[in-house]
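A.B. asks: Make a model of this:
(one chain, ligands or ions: 2)
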Amino acid sequence: MPPIRQTATAETTPLPLFAIPIIDIAAYLSPSPSPSPTATASLASSIRAAATSPGFFQITGHGISPALRDRLFGALKAFFALPQAAKAALHRDNSPCLRGYEAVGDQVLEEGLPDRKEGFMIGQELVGTGEDGLGGLRFGQGANQWPGEDEGWCPGGFKAVMMEYFEAVRLLSRSVFRLVALSLELEEGFFDRFVYGRDAITMCRVLRYPPSNTTGRGPTDTKPRGIGAHTDFGALTLLLQDDVGGLEVFYRPSETWHAIQPVPDAFVVNIGDMMGEFHCYLVPACPNRQQHQVPFAHKAEKERWTNDKYTSTLHRALSPVSGKDRYSVAFFNEGLLD
Ligand SMILES: O=C(O)CCC(=O)C(=O)O
Ligand SMILES: [Fe+2]
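C.D. replies: Ligands and ions are numbered 1, 2, ... in the order given. Here you go, the predicted structure:
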């Protein structure tokens with residue numbers, strides 16, 4: 001189903017059975033001289049509709065430049081092309097705050113269908129006190145692991161590009177949260193401290209999905225999973241994907257999976273468990289077994305935020321069958337965990 005384009009001024013059109021709206025937020029981010037109340041209200045209302053159902057939308061007009069995105073994809077491709085031993089040396093099991101590399105098959109979100117993806121997770125660089133540099137840090141806080149920068153494999157440096165993108169998308173997430181706050185009829189800055197304060201947990205994972213030569217079509221749904229069905233643990237996810245495709249969203253009313261076509265220049269945004277209703281009923285081995293292995297101490301918080309009005313929706317990515325690798329970059333804003 002083709003996506004529906006919505007802008008600040010578009011008339012509200014009835015949604016077909018399932019669609020991911022595309023919302024252009026430029027009128028909110030680059031206003032002249034300031035955002036028009038009408039445009040802002042219209043964007044907030046588009047977000048409200050999308051966040052209620054299906055819990056997914058795409059945003060354009062976000063201000064993250066194509067040049068930065070190109071450098072990011074160049075750097076992550078070069079990273080994944082490193083020898084396996086160099087990547088394994090940065091495994092996230094070595095990190096007290098779960099940052100670093102994960103190999104194909106490490107994560108199993110659907111029983112019997114291990115994820116066919118490799119990833120590399122970073123977060124905000126925070127150094128604590130004491131000899132181990134961990135004093136005073138909370139769960140999930142700490143330093144990133146980085147590959148050596150001296151091999152000349154990534155012009156400009158992997159770390160520099162990743163951190164530049166991380167800061168840009170972290171700031172963008174605050175703007176999206178401001179629109180989400182308005183969509184809930186809250187004060188615009190309501191979520192600022194939760195999602196952009198020093199202790200807010202924000203993580204970014206770059207991903208490579210190797211191609212599969214089996215489509216797995218048949219009576220049972222055994223298509224190879226790039227990432228198995230799950231909802232995101234945090235509050236809001238902003239995903240950049242390349243043009244290969246494979247991301248699918250589960251639409252509860254019809255109990256059907258729907259492909260999200262890559263839209264050039266767009267972020268896919270989805271509501272996470274912390275903001276949304278818990279949708280844990282489809283996959284018997286519940287996919288909410290914490291993508292990021294964080295305890296669910298925050299469940300009361302999410303109810304306070306949205307009164308369960310917003311939806312965290314199951315999604316998955318199938319392995320590419322085009323013979324090409326697929327790359328994506330997921331940014332998770334998990335807010336304050338306590
Ligand atoms: O790569 C994708 O399309 C989806 C990634 C995802 O859902 C995740 O990392 O939580
Ligand atoms: Fe996800």
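A.B. asks: so how far is the one helix or strand residue 163 maps to from its chain's centroid?
C.D. replies: Using DSSP states H and E, residue 163 falls within helix 158-183. Distance, stretch centre to chain centre, for helix 158-183: 11 Å (CA atoms, centre = their mean, to the nearest Å).
A.B. asks: and it, what other elements does it pack with?
C.D. replies: Judged by 3 or more CB pairs under 8 Å, 6 or more residues apart in numbering; DSSP states H and E, the packing partners of helix 158-183 are helix 26-29, helix 37-52, helix 66-80, strand 118-123, helix 192-196, strand 201-209, strand 236-241, strand 326-335. In this view, the C-beta of every residue, glycine as well, is placed from N, C-alpha and C.
A.B. asks: rerun that using 7 Å as the cut-off
C.D. replies: Packed against helix 158-183, as judged by 3 or more CB pairs under 7 Å, 6 or more residues apart in numbering; DSSP states H and E, are the following elements: helix 37-52, helix 66-80, helix 192-196, strand 201-209, strand 236-241, strand 326-335.
A.B. asks: among those, which is nearest ligand 1?
C.D. replies: strand 326-335 (3.5 Å; CB to the nearest ligand atom).
A.B. asks: average pLDDT for the closest one?
C.D. replies: For strand 326-335, mean pLDDT rounds to 95.
A.B. asks: anything in that strand near ligand 1?
C.D. replies: Yes: interface with ligand 1: strand 326-335 contributes 328, 330 (CB under 6 Å from any ligand atom).
A.B. asks: got the angle between that strand and helix 158-183?
C.D. replies: Angle, strand 326-335 to helix 158-183, by axes from the mean of the first three to the mean of the last three CA atoms, to 10 degrees: 60 degrees.
A.B. asks: who does strand 326-335 pair up with?
C.D. replies: For strand 326-335, the paired strands and their directions (DSSP bridges) are strand 201-209 (antiparallel), strand 236-241 (antiparallel).
A.B. asks: What lies in contact with it?
C.D. replies: Here strand 326-335 makes contact (CB atoms under 7 Å, 6 or more residues apart in numbering) with 72-73, 76-77, 169, 173, 194-195, 200-209, 226, 232-242, 244, 246, 274, 320.
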